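> Pasting the sequence and the predicted coordinates here, then a few questions.
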Amino acid sequence: MSKRHWSILLVFLLSLALVAAGCGSSQQTANVIKLGANFEMTGSNATFGQSAANGAKLAIKEVNAKGGVLGKQLTLIVADNKSEAAEAANAMQKLVTQDKVVAVLAPIASSSVIAAAQVNQDNKVLAISPTASNPKVTVDPATGKVREFLFRAAFIDPFQGAVMANFATKSLKAKTAALYIDNSSDYAKGLGQYFKETFIKNGGTIVAEEAYLQKDTDFKATLTKIKAKNPDVIFVPGYYQEVGMIIKQARELGINVPILGGDGWDSAKLPEIAGAAALNNTFFSNHYSPDDTSPAVKTFVENYKKEYGQVPDAFAALSYDATMMVIKAIERAGSTDPVKIKDELAKTKDFPAVSGNITLNATHDAVKSAVIIEMKDGKQTFREKVNP
């Protein structure tokens with residue numbers, strides 16, 4: 001055979017190999033359902049995103065072990081939004097247009113979910129945030145309309161803010177309060193607003209309103225101003241990084257009144273930053289407590305500890321719940337068509353989640369209970385549960 005014939009044969013054989021590889025790849029893809037996760041794996045909210053990723057992976061592992069969904073195995077593609085809103089939009093674009101996922105677990109932070117919202121709408125692929133609680137996540141404030149492809153597994157800030165204001169006035173008997181808000185966060189500003197409204201409605205008085213920005217580190221000047229107002233409680237609805245430093249510096253200044261907050265406090269890093277002793281007499285609202293004795297919580301905590309060697313926080317629990325909600329929607333849809341999955345997810349009612357039964361209302365928000373956590377010597381302790 002001539003050299004020319006050998007070359008032609010070689011090209012032909014290589015072409016066959018590529019076709020075979022392509023067929024194998026298509027076959028593999030046909031047997032897999034891809035879900036996306038747009039999480040804060042690095043950056044200032046990294047502990048949140050890492051916990052959320054762990055919760056989602058555990059849910060998928062359990063479902064796959066039972067045969068998967070629609071006869072297919074599930075796989076999770078995680079994109080790191082670096083705890084930045086602009087990066088969240090880029091990560092969402094990658095997941096829905098390049099990775100071709102059928103649904104996405106949206107970012108933890110409300111600001112990042114909102115920043116990526118148009119990507120979901122344009123590509124008609126749902127996103128469900130495990131934790132974002134600002135009302136703007138699911139309802140566009142510019143139009144007043146529900147964002148068709150956005151959902152959440154968390155309660156919203158009007159409920160969470162009211163829970164903490166009621167706790168302050170009724171359980172702690174507070175008459176006056178100071179607000180110290182992260183002015184760079186939609187989450188913190190919204191939560192502060194709803195706390196203020198309910199606290200005043202309950203007969204309380206807001207004696208100080210101060211603000212800081214994400215990544216600030218020195219809070220003593222503002223805390224000194226707050227101390228001068230002598231509030232019964234201080235409400236700090238931020239994220240654990242700044243909150244930890246605020247509490248530490250407040251105690252160093254001799255501010256010993258109760259300090260309250262929201263679910264953004266929930267991180268194992270909080271005691272490391274603030275110090276265990278400084279956290280005594282602090283309280284925050286959350287979505288679940290690992291100390292809850294319900295069978296669903298006990299099973300989840302046991303399985304999570306076995307898988308990851310640590311107690312799951314609320315971000316892990318909510319991400320597990322959100323993942324299971326999407327999986328059940330796929331089952332009900334009997335299809336991997338993203339629009340059909342979205343339509344079924346919107347019908348979620350009395351879903352038996354780890355964080356409590358979840359019903360999605362007309363604005364795609366989760367109607368569910370909250371818990372209040374008290375910090376004692378650096379450890380979270382279950383204080384009480386509040387039903388909607």
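Good, I have the coordinates.
> ok, and what's touching stretch 92-105?
Stretch 92-105 is touched from outside by 33-39, 52, 56, 77, 79, 106, 116, 119-120, 123, 125-130, 319, 322-323, 326, 329-330, 336-338, 341-342, 345, with contacts defined as Cβ atoms under 8 Å, 6 or more residues apart in numbering. Where you see a C-beta, it was placed from the backbone N, CA and C, and this is true even at glycine.
> What about those residues, which are in helices?
If you go by DSSP state H, the contacts of stretch 92-105 have 52, 56, 116, 119-120, 123, 319, 322-323, 326, 329-330, 338, 341-342, 345 in helices.
> With respect to residue 253, which of those residues is nearest?
For residue 253, the closest of the ones in helices among the contacts of stretch 92-105 turns out to be residue 52, at 34.3 Å, with distances computed as Cβ to Cβ.
> what's the closest non-adjacent residue to the closest one?
The spatially closest residue to residue 52, leaving aside those adjacent along the chain, is residue 319, at 3.8 Å (Cβ to Cβ, 6 or more residues apart in numbering).
> Just the pLDDT for the one you found.
Among the per-residue scores, residue 319 holds a pLDDT of 98.
> what about it, how many neighbours?
Neighbours of residue 319 under the rule other Cβ atoms under 10 Å: 31.
> For it, give me its contacts.
Neighbour list for residue 319: 51, 52, 53, 54, 55, 56, 59, 105, 130, 131, 153 [criterion: Cβ under 8 Å, 6+ apart].
> before we move on, back to that, please check the contacts of stretch 92-105 and keep the buried ones.
Buried residues within those, defined by neighbour count using 16 or more other Cβ atoms under 10 Å: 33-39, 52, 56, 77, 79, 106, 116, 119-120, 123, 125-130, 319, 322-323, 326, 329-330, 336, 338, 341-342, 345.
> Lowest-confidence one in the contacts of residue 319?
With pLDDT as the yardstick, residue 131 is the minimum among the contacts of residue 319, at 93.
> Now do the contacts for that residue.
Residue 131 makes contact with 48, 52, 108, 152, 153, 154, 263, 287, 314, 315, 318, 319 under the criterion Cβ under 8 Å, 6+ apart.
> What of residue 306?
Remark: with contacts taken as Cβ under 8 Å, 6+ apart, residue 306 is in contact with nothing.
> so which helix or strand takes in it?
Taking DSSP states H and E as the criterion, the element that holds residue 306 is helix 295-308.
> Just the mean pLDDT for that helix, thanks.
In this model, helix 295-308 has a mean pLDDT of 96.
> try stretch 366-380
Mean per-residue pLDDT for stretch 366-380: 94.
> Just the endpoints, please. Distance across it?
The first residue of stretch 366-380 is 24 Å away from its last residue (Cα to Cα, to the nearest Å).
> likewise stretch 255-265?
19 Å.
> residues in contact with that stretch?
Outside stretch 255-265, the residues that touch it by Cβ under 8 Å, 6+ apart are 131, 133, 154, 157, 160-161, 164, 167-168, 172, 174, 187-188, 191, 223, 226-227, 231-240, 243, 246-247, 250, 281-287, 314.
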